[in-house]
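Engineer: Sequence and predicted structure are below.
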Amino acid sequence: MAGEPYYITTPIYYVNDVPHIGHAYTTLACDTLARFMRLDGREVFFLTGTDEHGQKVEQAAKAAGVAPQDMADRNSERFRALACDMGYTNDDFIRTTEERHARAVQHLWRELAERGEIYLGKYAGWYSVRDEAFFAEKELIKGPNGKLLAPTGTGAEVEWVEEPSYFFQLSAWGDRLLAFYDANPDFIAPDSRRNEVVSFVRGGLQDLSISRTTFTWGVPVPGDPAHVMYVWIDALTNYLTAVGYPDRENKTFSKFWPANLHLVGKDILRFHAVYWPAFLMGAGLAPPKRIFAHGWWTIEGQKISKSLGNAIDPYELVEKYGRDQMRYFLLREVPFGNDGDFSRAAMVQRVNGDLANGIGNLAQRTLTLIQKNCGAAVPDPGAMIDDDRALIEGAAGLLPGLCDHMSRQEFHKALQVILAVVGEADSYIDANAPWALGKTDPARMATVLYVLAETIRNVAIVLQPFTPDAAAKILDQLAVATDSRAFANLGEKGALVPGTSLPAPRGVFPRLEAEPAV
């Protein structure tokens, strides 16, 4: 609801990875929601960051001949740069090697231990270093060479591990988690993922190993530094750290916790939807309100993989197509939550069809006619007819429907609703032909052009979360003050003032050239 604080997070990205389209996609979705909520008058806390501990980092650093901290410092900066270069508006960037995080995760451990949720035992089972995850034997997949593989889609081999370990009593939380899911049907989305999680929990939970002794790169267990914390209890706690935990009385924590939304990839949903709420409730903390797991992207019909060398570089997309164009395509092309296929032909078609020929062309046509026929100023409208009012009111009334779609992370539907108004405006301008009215009925021409300009203003305001740079350029060309671009300015409150001087129009969405077939 408007006015309520809003806390949204990306997962923290593993520093062994090189930033790719998957990272850009998740953070883009969060950025779009954060921008939307700010424009709707809500105080937003938007968090991203990097996950820097674990055996995988320690092994990679050793192979490279550097200290784990040095590797973490170098690789974390790539993700910080990605957020900056993509224009994301995160309020904080957290690193799990920060002292504030060590304090938070050790405090959470002590809370769980004092409540009897943790015990010392011995772990013996299958472990995937690449996934930083333990798996039951029944979950494993037999590979073509007879080796056992993790069921995560990474193709990672698992190894048998035996070592002393602290355990979280996850087995005791099955019924409580199922009751929580029943009481909070929107906690996990989309529905297909919710069904998977519920089925997994109903199948029975085993106690979870939450410490390791075979490596040292992690947060030491309080009172037993021979153990370091298993990466997931460490990593998940970042969402608490950033809002000031363990100080539950500070204003930031009390304002923003529980988080409104954790956005994650589908491969890490189990950790967020099963382990995380159990940890939190076990420590007397409220779980987040919602966890949404999005799908994966393929490229030209092929799975993205290092061996194929076909990873999508977000920097390349921005350079080739434009930052707003990339944002629009990724959010519009497939329903968020589904897997999607990236193709250059689809990018060109979508950008040209929706942006260049759609809102871009509408704005350019309208503003050019105003420049030539209305003294380069906002026209002075006369009496309006039903068609005029219907178009303006349709654009001004977009917000309730958009809020509904955005609350469910239906980015593609929100954009469809906006583009539908653009289509109605295209039909309106063709039907009224203001270029002809200038010769036969100048007063009616002024009214038509005002209706179009006001429609474009409302559309540009609601487009800001999706294509922020282009929307700002359109609003600049309508001489809309920067402090008059919030959703509260939709409709009559922010209506264009006749006679306001307008700058010379310029295109905001150039057409893309079709790429030759390979």
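Structural biologist: Looks like it arrived, so ask away. For clarity, every value in this text was computed on a predicted model and none was experimentally measured.
Engineer: looking at this, L280 is in a strand?
Structural biologist: No: according to DSSP: H, G, I helix; E, B strand; the rest coil, L280 belongs to no strand; its state is helix.
Engineer: Could you check how far the residue nearest to A278 when sequence neighbours are not counted is from R212?
Structural biologist: Spatially, and ignoring its direct neighbours in sequence, A278 is nearest to W173 (4.3 Å; C-beta to C-beta, 6 or more residues apart in numbering). In this view, the C-beta of every residue, glycine as well, is placed from N, C-alpha and C. Relative to R212, W173 is positioned 22 Å away (C-beta to C-beta, to the nearest Å).
Engineer: Report the residue spans of the stretch 201-350 of the chain with pLDDT below the cut-off.
Structural biologist: 301-311 (pLDDT under 70).
Engineer: just the strands in it please.
Structural biologist: 208-209, 211-212, 220-221, 224-229, 261-265, 291-294, 297-299, 302-303, 340-342 (DSSP state E, counting those that start in this stretch).
Engineer: contact partners of the third one?
Structural biologist: So the one you mean is strand 220-221. Contact partners of strand 220-221, identified using C-beta atoms under 8 Å, 6 or more residues apart in numbering, comprise Q106, W109, Y166, S211, H227, V228, M229.
Engineer: Out of these, grab the one that's most surrounded.
Structural biologist: W109 (27 neighbours; other C-beta atoms under 10 Å).
Engineer: show me where the stretch 51-200 of the chain has helices.
Structural biologist: Ranges of helices in the stretch 51-200 of the chain, per DSSP state H, counting those that start in this stretch, are 55-64, 68-85, 99-114, 174-183, 191-202.
Engineer: Please give me every residue in contact with L355.
Structural biologist: D324, Q325, Y328, T467, A470, F509 are the contacts of L355 under C-beta under 8 Å, 6+ apart.
Engineer: Can you tell me the closest non-neighbouring residue to the fourth one?
Structural biologist: Here the nearest residue to T467 in space, its sequence neighbours aside, is D324; by C-beta to C-beta, 6+ apart that works out to 3.9 Å.
Engineer: Okay, now the unreliable bits of the chain?
Structural biologist: Judged by pLDDT under 70, the stretches of the chain that qualify are 1-2, 153-154, 301-311, 515-518.
Engineer: looking at it, which residue lies furthest from center?
Structural biologist: The centre of the chain is farthest from one residue, T440, which by C-alpha atoms, centre = their mean lies 50.7 Å away.
Engineer: Let me know the distance separating that one from A472.
Structural biologist: From T440 to A472 the distance is 36 Å (C-beta to C-beta).
Engineer: just D247 next, same as before
Structural biologist: Taking C-beta to C-beta, one finds D247 at 38 Å from A472.
Engineer: These two - which one has more neighbours?
Structural biologist: A472 (18 against 14).
Engineer: Touching, the more buried one and Q464? I think so.
Structural biologist: Yes: using C-beta atoms under 8 Å, A472 is in contact with Q464, at 7.1 Å.
Engineer: List the residues that are in contact with both of those two.
Structural biologist: R485.
Engineer: The stretch 401-518 of the chain: helices as residue ranges?
Structural biologist: Under DSSP H, counting those that start in this stretch, the stretch 401-518 of the chain gives helices at 411-432, 434-440, 442-463, 468-477.
Engineer: got the ones you listed as TSV, with distance to E492 columns?
Structural biologist: Formatted as TSV, those follow (distance: least, C-beta to C-beta, whole Å):
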stretch	distance to E492
helix 411-432	17
helix 434-440	22
helix 442-463	10
helix 468-477	17
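Engineer: how close does D73 get to R95?
Structural biologist: If you go by C-beta to C-beta, the gap between D73 and R95 works out to 9 Å.
Engineer: Quick one: closest of the helices of the stretch 51-200 of the chain to D388.
Structural biologist: helix 191-202 (41.5 Å; C-beta to C-beta).
Engineer: Now do the closest one: which elements does it pack against?
Structural biologist: Under the contact definition 3 or more C-beta pairs under 8 Å, 6 or more residues apart in numbering; DSSP states H and E, helix 191-202 sits against helix 174-183, helix 269-270.
Engineer: try it again with 6 Å
Structural biologist: helix 174-183 (3 or more C-beta pairs under 6 Å, 6 or more residues apart in numbering; DSSP states H and E).
Engineer: what angle do the helix it packs on and helix 191-202 make?
Structural biologist: Orientation check (axes from the mean of the first three to the mean of the last three C-alpha atoms, to 10 degrees): helix 174-183 against helix 191-202 gives 160 degrees.
Engineer: If we go by neighbour counts, what in helix 174-183 is buried?
Structural biologist: G174, L177, F180, Y181 (16 or more other C-beta atoms under 10 Å).
Engineer: ok, of the residues you listed, which one's closest to F134?
Structural biologist: Nearest to F134 among the buried residues of helix 174-183, with distances taken as C-beta to C-beta, is G174, at 17.2 Å.
Engineer: Chain neighbours aside, what residue packs nearest to that closest one?
Structural biologist: Leaving out its chain neighbours, the residue that sits closest to G174 by C-beta to C-beta, 6+ apart is L205, at 4.8 Å.
Engineer: In this structure the one you found contacts Q169, no?
Structural biologist: No: contact criterion C-beta atoms under 6 Å: L205 and Q169 do not qualify, at 9.5 Å.
Engineer: For those two, list the residues in contact with both.
Structural biologist: Shared contacts of L205 and Q169, defined by C-beta atoms under 6 Å, 6 or more residues apart in numbering, are absent.
Engineer: Hmm, I461 and I474 touching each other?
Structural biologist: No: if you go by C-beta under 6 Å, I474 and I461 don't touch, sitting 9.4 Å apart.
Engineer: Give me the residues contacting stretch 274-289.
Structural biologist: Residues beyond stretch 274-289 that count as contacts (C-beta under 6 Å, 6+ apart) turn out to be L108, E111, L112, E117, L170, W173, W232, L236, P258, A259, N260, H262.
Engineer: ok, so of those, who is nearest M347?
Structural biologist: H262 (28.6 Å).
Engineer: how deep is that closest one tucked in, by neighbour count?
Structural biologist: Count around H262 with other C-beta under 10 Å applied: 26.
Engineer: from here on, count from 746
Structural biologist: OK, 746 is where the count begins now, so the last one is H1007.
Engineer: Next one: the residue nearest to it when sequence neighbours are not counted from P756, what distance?
Structural biologist: Using C-beta to C-beta, 6+ apart and skipping the chain neighbours, the partner closest in space to H1007 is I1036 (4.8 Å). Applying C-beta to C-beta, the value for I1036 to P756 is 10 Å.
Engineer: do the same with G1082
Structural biologist: G1082 is 15 Å from P756, by C-beta to C-beta.
Engineer: show me what contacts the residue farthest from the centre of the chain?
Structural biologist: T1185 neighbours (C-beta under 6 Å, 6+ apart): none.
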